[in-house]
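Engineer: Sharing a model prediction with you, sequence too.
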Amino acid sequence: MRAIDKNSDRVASEDELNSILDKIMSYKTDGGVFDFRVSSYWQGYTRWARNRVGMASNRSYYSVIIARGESKGYWRLCLLNQIDDESLKNAVKYVEWLSKKENREIFPQEFPIKLPPVNDRKANVWNDSTAGYSFFDSGKIVQLTCDWAEKDGLIAAGYIDCTAFSTAYIRSNETTGKVDRGFTRLTRGQCSITAREPKGQGSGWAGKSDIDFQNIDEEVIAKKSFEKCKASLNPVRLEPGRYTAILEPQAVAGLVAELLFADRNTMDRADAELGKTPFSLQPDMASGLGLTKLGLRVFDERISVWHDPSDPELGVVGYVDKYHGMGPVTWVQDGVLTELAHGEVYSVNRLSTENNNKIHRKSFRMSGGTMSIDEMIESTKRGIVVTRFSDAAVTHSGSMSASGMTRDGLWLVENGKITNALRNFRTLESPFFILNSIEELGVPEKVFVNYAGQEEPWLDFGMLIHNFAPQYIVPSLKIKDFSFTSTVDAV
């Protein structure tokens, strides 16, 4: 069991945040509708490259939003990162001053902010081991990887990142006398390690993301990256073409998860009716009432995709208000498209109901099989094993044709055995083709999702919950006739 930092209370508790909110409420002198939010944020990370530590950080801060409603859905507001009495009192006065009629004409700008989502307490989105991660442990893994690299004549790089976040709000309507309160807290952790040959003749990578850092074994990740690096040395060139491809789960995540199911625009029902997504069938740009592929088989019948707030591995945040629904959603069932995402406006205007929303979550599970990658290799006469893809991007939205490059380990399979490491390829393929060309499915597993650069958004808390700690649980896939279009020199 790894150590937990004694200073594990790195973000404010619900009581601490509510005490600040109560203080802000006491400074209010005007009536009307007010929205007060206080968030506490902590991040710790270690980064290393070329066998040396490059950066280590441990930072925390508060953010406060003080807003007064002016028109429906629009607010006058003040943002600050201080919680002392004077700063909070002045911020409330400033917002009340902005709301005066004479000042509204001088400063007409208003901002749309929504009621933030609130965890229903059933979702597994917080873990003490992540919030209390001891970075003495990260120092140990950095030393270990650097020692291994220097011993084997390789270069090691990587990073460990842990984040914890808590937020509470009060929305007060003096006219109706209604006061809404809510609280949510989240954690996320990840580890990414790369080993490379100094002259660019081989590269190996491994990584994992999880809400619970206890589920991330840094030493296992390091060993896997070094093993892949050594196995990828001295790659040979293979002519481009269509080959049987064995896609490891991380490769499936990069070319299917990120581009298709994790993209909220691709999964949007209104956009599909307008003809903007690959799930459009007969678009109608004039009325927006075109037909979609709902109810049609779009993938191999062995493929189902879903999310559930009660899933202990996914970490999908539930909601407590009637507009967002806390239940599970199945997007694809046995290859048939069963749902597309839609929210409050769509439900009321198109479906004439207020509680039938299907809110998109970036986290999801995909069904799989029982075959291991070794068994896939043994059953393959001639094919290519892919570790992962980089720079994957959609080149045609209608077909979801996407370009990308293989990376960090590519191998030729002949007669059931790996015979050579290969130079990398550029690929051009569609997630739809991939999910309709399956020969075998592996066991689904949680993969690495890059959280780097995802900071707390000030206003759109829905986007925060959507992006904070997505989890993909996907299988390895054996695909026939995968398109490798050209070789590239990058490792």
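Structural biologist: Here it is on my side, so go on.

Engineer: which stretches of the chain form helices?
Structural biologist: With DSSP state H as the criterion, the chain has helices at 14-27, 85-98, 101-106, 128-131, 135-152, 218-231, 249-252, 269-273, 344-350, 373-378, 431-434, 461-467.

Engineer: can you put those helices in JSON lines and add distance to residue 188, mean pLDDT and mean neighbour count?
Structural biologist: (Glycine included, C-beta is placed from N, CA and C.) Formatted as JSON lines, these follow (distance: least, Cβ to Cβ, whole Å; pLDDT from 0 to 100; neighbours: other Cβ atoms under 10 Å):
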{"stretch": "helix 14-27", "distance to residue 188": "19", "mean pLDDT": "94", "mean neighbour count": "16"}
{"stretch": "helix 85-98", "distance to residue 188": "29", "mean pLDDT": "93", "mean neighbour count": "17"}
{"stretch": "helix 101-106", "distance to residue 188": "40", "mean pLDDT": "73", "mean neighbour count": "9"}
{"stretch": "helix 128-131", "distance to residue 188": "7", "mean pLDDT": "90", "mean neighbour count": "22"}
{"stretch": "helix 135-152", "distance to residue 188": "15", "mean pLDDT": "92", "mean neighbour count": "17"}
{"stretch": "helix 218-231", "distance to residue 188": "16", "mean pLDDT": "96", "mean neighbour count": "19"}
{"stretch": "helix 249-252", "distance to residue 188": "18", "mean pLDDT": "97", "mean neighbour count": "27"}
{"stretch": "helix 269-273", "distance to residue 188": "28", "mean pLDDT": "88", "mean neighbour count": "23"}
{"stretch": "helix 344-350", "distance to residue 188": "27", "mean pLDDT": "65", "mean neighbour count": "15"}
{"stretch": "helix 373-378", "distance to residue 188": "27", "mean pLDDT": "97", "mean neighbour count": "16"}
{"stretch": "helix 431-434", "distance to residue 188": "25", "mean pLDDT": "96", "mean neighbour count": "20"}
{"stretch": "helix 461-467", "distance to residue 188": "10", "mean pLDDT": "57", "mean neighbour count": "20"}
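
Engineer: which stretch among those helices comes nearest residue 334?
Structural biologist: Residue 334 lies closest, by Cβ to Cβ, to one member of the helices of the chain: helix 431-434, at 16.3 Å.

Engineer: Would you agree residue 280 is in contact with residue 272?
Structural biologist: Yes. Using Cβ atoms under 8 Å, residue 280 makes contact with residue 272 at a distance of 4.9 Å.

Engineer: Touching both of the two, which residues are there?
Structural biologist: Residues touching both residue 280 and residue 272 by Cβ atoms under 8 Å, 6 or more residues apart in numbering: 290, 292, 293.

Engineer: thinking again about what came up before, turn the helices of the chain into CSV, including distance to residue 298.
Structural biologist: Formatted as CSV, those follow (distance: least, Cβ to Cβ, whole Å):
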stretch, distance to residue 298
helix 14-27, 43
helix 85-98, 49
helix 101-106, 50
helix 128-131, 36
helix 135-152, 42
helix 218-231, 33
helix 249-252, 17
helix 269-273, 12
helix 344-350, 21
helix 373-378, 24
helix 431-434, 7
helix 461-467, 23
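
Engineer: Most neighbours among the shared contacts of residue 280 and residue 272, which one?
Structural biologist: Neighbour counts for these, by other Cβ atoms under 10 Å, peak at residue 292, which reaches 21 neighbours.

Engineer: Excluding covalently adjacent residues, which one is nearest to it?
Structural biologist: Leaving aside its sequence neighbours, residue 292 sits nearest to residue 272 (Cβ to Cβ, 6 or more residues apart in numbering; 4.3 Å).

Engineer: what does residue 198 give?
Structural biologist: Going by Cβ to Cβ, 6+ apart, residue 198 has residue 155 as its nearest residue, at 5.6 Å.

Engineer: how many other residues sit next to that neighbour?
Structural biologist: Residue 155 has 18 neighbours, counted by other Cβ under 10 Å.

Engineer: Quick check, it in contact with residue 145.
Structural biologist: No. Using Cβ under 8 Å, residue 155 is not in contact with residue 145; the gap is 10.0 Å.

Engineer: Now for these two: what residues contact both?
Structural biologist: Common neighbours of residue 155 and residue 145 (criterion: Cβ under 8 Å, 6+ apart): 51, 195.

Engineer: which parts of stretch 193-213 are buried?
Structural biologist: Judged by neighbour count (16 or more other Cβ atoms under 10 Å), stretch 193-213 contains these buried residues: 193-197, 202-213.

Engineer: what's the span of it from first residue to last?
Structural biologist: Stretch 193-213 has its terminal residues 15 Å apart, counting by Cα to Cα, to the nearest Å.

Engineer: what about it, average pLDDT?
Structural biologist: Per-residue pLDDT over stretch 193-213 has a mean of 94.

Engineer: All set, thanks.
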